[in-house]
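Student: I'd like to go over a predicted model; first the sequence, then the structure.
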Amino acid sequence: MKKKKNLIPTIFVIFGGTGDLNKRKLAPALYNLYAESYLPEKFSIIGTGRTHFEENQYREMMRENINQFSRNGEVNPAYWERFEKHLNYAEIDIDSPQTFENLAQTVNGLKEKYGPDTQMIYYLAVAPNFFGKIAQSLHKHKLTGNEQTCRIVIEKPFGNDLESAKELNLLLSKIFTEKQIYRIDHYLGKETVQNMMAFRFANSLFEPLWNRNHIEHVQISVTEQLGVEGRGGYYEDAGALRDMIQNHLLQLLCLVGMEAPIRFNADEIRDRKVEVLRAMRPFKPEEISSHAIRGQYSKGWVEGKEVLGYRDEDGVDENSNTETFAAIKFFIDNWRWQGIPFYVRTGKRLNQTSSIITIQFKDVPHHIFSNKAIESWQQNRLIISIQPEMSIRLQVQAKRPGLKMALNPVDMVFDYHGTYDVGTPEAYETLLLDATYGDQTLFMRGDQVEAAWELVMPIINAWENNKSISFPNYPADSWGPEEAEALIAKDGFHWFTLPLKNK
Ligand code: BG6
């Protein structure tokens, strides 16, 4: 977390102020920032929603949400008393100009109180079909401003395909400059994900090895035990490819694949990342079935509880063709990575919740040990575990203690919990703070989003035009469809799960 405290008067307007994201993430994050004195005394949060709430009802609801979802547990009554005075509610109907007029009055009243340098941060935590309308209404009611005084934060999904992402970028660009637009990919705010920049570019040890000469392949695996959790309506139109790969997993891939930036600066870093996306090999239609695997879960048992199959979830079509699992083999066509496969996979209702990046290095050029000594031989691997375990492991071969020469792989481990005794901020704390400082490093630039859509569009189109006849094709609590194993096995590899501790 940054040391500097933001003292610029700030008004946050949260569209979706009664929604799930605000309840679980935004309200707890803002409260924690306030409790740690990262927000000025001159600040306000205006939650907005369609339902009518009295101010005190809304405050009470937020208090309950924070108690339930904050990483720090229940609110401290003394802080809460101060914090709740900054919390307001405005009823907004997106189709009603009058409600925006009311909002403008509230905002102008606060601005008068706080002074001319007050900054506005509009957070759009609503369904994507409202993004454009809200931006236009803000503009129409003179609620927008310049780069110093006004920013807009847009939740994902940013578009539903390349065309809609371009349209949204165009619409926003008529109202805001790129410096005012903060497109969220919450993975970029995760502590372990931010650490990837430090790991790669603050250590001289790995860079000489970080290329096709030494790396054999890369895996990025983000698996979830949860199902769609009441979001069937949204998920039906999204699926794993749009929901996770187009954004989160491709961003992780960019962090592994990018060249070294010249300096730690938002545009410099985003330039290097977008170069990776542009260098990625486009899929030819005939390659899709051998490079991209999809799956959908059927019912099963997770930790002793029976769970529904995807097609039986609320809001889901009983013949749904939406994928809840996707595994893809990508290539980056540049000097550093030519010929090195990047396998990514993600899915819901899988056997484990874990996000890990595995870099597998090439084998030694010549084996000197007997076959017996190297029965459990494994090439060197670097495993970056993003969550729930937060660690970096370097797997090396070692001689097992004993009278015989027998080798086995052991882990050299950097583990956050064992190394630091400070808490880890939630991704949304980091991202909200960065938005208030005007730091766009961890936000998606318009061209990045479009480049990511461009890459996945051939797969989306192929899957939409060619329904799967095998769905559902994996049971809950499994590792996904067998074809996903075959995707990687045919190249001689297998998917890694969290490595065992040193034995
Ligand atoms: C969201 C997706 O962006 O990320 C969800 O819409 C997914 O479907 C979630 O569950 C995963 O985030 P995290 O932080 O729990 O890994």
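Tutor: Sure, I can see it.
Student: near the ligand, which residues of the stretch 201-350 of the chain show up?
Tutor: 224, 243 (Cβ under 6 Å from any ligand atom). To be clear about C-beta, it is placed using only N, CA and C from the backbone, and glycine gets the same treatment.
Student: which residue, neighbours along the chain excluded, lies closest to the residue of the stretch 151-300 of the chain found nearest the ligand?
Tutor: Nearest to the ligand in the stretch 151-300 of the chain, going by Cβ to the nearest ligand atom, is residue 243, at a distance of 4.7 Å. Spatial nearest neighbour of residue 243, chain neighbours left out: residue 235 (6.7 Å); criterion: Cβ to Cβ, 6 or more residues apart in numbering.
Student: what's the burial count for that neighbour?
Tutor: Per other Cβ atoms under 10 Å, the neighbour tally for residue 235 reads 23.
Student: next: residue 132.
Tutor: 17.
Student: look up phi and psi at the residue in the stretch 401-503 of the chain positioned nearest to the ligand.
Tutor: Residue nearest to the ligand within the stretch 401-503 of the chain: residue 427 (6.8 Å; Cβ to the nearest ligand atom). Here is the backbone geometry of residue 427 (degrees, to the nearest 10): phi -50, psi -40.
Student: excluding covalently adjacent residues, which one is nearest to it?
Tutor: Residue 427's closest residue in space is residue 189 (Cβ to Cβ, 6+ apart), at 3.2 Å.
Student: next one: residue 49
Tutor: residue 18 (3.6 Å).
Student: what sits up against stretch 389-407?
Tutor: Residues from elsewhere that reach stretch 389-407, judged by Cβ atoms under 8 Å, 6 or more residues apart in numbering: 191-192, 195, 199, 354, 369-370, 372-378, 380-385, 408-417, 424, 498-499.
Student: can you do 6 Å?
Tutor: Contact partners of stretch 389-407, identified using Cβ atoms under 6 Å, 6 or more residues apart in numbering, comprise 192, 373-374, 380-385, 408-416.
Student: where along the stretch 351-500 of the chain do the helices fall?
Tutor: 416-419, 427-437, 446-465, 482-489 (DSSP state H, counting those that start in this stretch).
Student: would TSV of these with mean neighbour count and mean pLDDT be doable?
Tutor: TSV is the format used below for the helices of the stretch 351-500 of the chain (neighbours: other Cβ atoms under 10 Å; pLDDT from 0 to 100):
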stretch	mean neighbour count	mean pLDDT
helix 416-419	11	92
helix 427-437	22	95
helix 446-465	19	97
helix 482-489	17	97
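Student: so which of the ones you listed gets nearest residue 121?
Tutor: helix 427-437 (5.8 Å; Cβ to Cβ).
Student: tell me what the closest one is packed against?
Tutor: helix 27-35 (3 or more Cβ pairs under 6 Å, 6 or more residues apart in numbering; DSSP states H and E).
Student: return the set of buried residues in the very next helix or strand once past the helix it packs on.
Tutor: Per DSSP states H and E, the first helix or strand lying C-terminal to helix 27-35 is strand 43-49. Using 16 or more other Cβ atoms under 10 Å as the burial criterion, the residues of strand 43-49 that qualify are 43-49.
Student: and the contacts of stretch 389-407, which are buried?
Tutor: Buried, going by 16+ other Cβ under 10 Å: 192, 373-374, 380-385, 408-411, 413, 416, out of those.
Student: for residue 308, give its distance to residue 100.
Tutor: 40 Å (Cβ to Cβ, to the nearest Å).
Student: neighbour-wise, which of the two wins?
Tutor: It is residue 100, of residue 308 and residue 100, that has more neighbours when counted by other Cβ under 10 Å, with 21 against 18.
Student: just the C-alpha atoms of the helix or strand harbouring that one, please, in CSV.
Tutor: Using DSSP H and E, the element containing residue 100 is helix 97-114. C-alpha atoms of helix 97-114 as CSV (Å, rounded to 0.1, in the frame of the first residue of the first chain):
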residue,chain,number,x,y,z
PRO,A,97,-33.2,12.8,-16.3
GLN,A,98,-34.8,14.2,-13.1
THR,A,99,-32.8,11.8,-10.9
PHE,A,100,-29.6,12.9,-12.5
GLU,A,101,-30.6,16.5,-12.0
ASN,A,102,-31.0,15.7,-8.3
LEU,A,103,-27.6,14.0,-8.2
ALA,A,104,-26.1,17.1,-9.8
GLN,A,105,-27.6,19.2,-7.1
THR,A,106,-26.2,17.0,-4.3
VAL,A,107,-22.8,16.9,-6.0
ASN,A,108,-22.7,20.7,-6.5
GLY,A,109,-23.7,21.3,-2.9
LEU,A,110,-20.8,19.1,-1.8
LYS,A,111,-18.4,20.7,-4.2
GLU,A,112,-19.2,24.1,-2.8
LYS,A,113,-18.4,22.9,0.7
TYR,A,114,-15.2,21.1,-0.3
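Student: next, format the helices of the stretch 351-500 of the chain as TSV and append distance to residue 215.
Tutor: TSV is the format used below for the helices of the stretch 351-500 of the chain (distance: least, Cβ to Cβ, whole Å):
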stretch	distance to residue 215
helix 416-419	24
helix 427-437	28
helix 446-465	21
helix 482-489	15
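Student: the most centrally placed residue in the chain: what's it in contact with?
Tutor: Central residue of the chain (Cα atoms, centre = their mean): residue 187, 2.7 Å from the mean position. Residue 187 makes contact with 193, 248, 251, according to Cβ under 6 Å, 6+ apart.
Student: of all those, which comes closest to residue 113?
Tutor: Among the contacts of residue 187, and counting by Cβ to Cβ, the member closest to residue 113 is residue 193, at 38.1 Å.
Student: now do the SS call for the residue lying closest to that closest one once chain neighbours are set aside.
Tutor: Distance criterion Cβ to Cβ, 6+ apart; nearest residue to residue 193, sequence neighbours excluded, is residue 187 at 5.5 Å. Taking DSSP: H, G, I helix; E, B strand; the rest coil as the rule, one finds residue 187 in the helix state.
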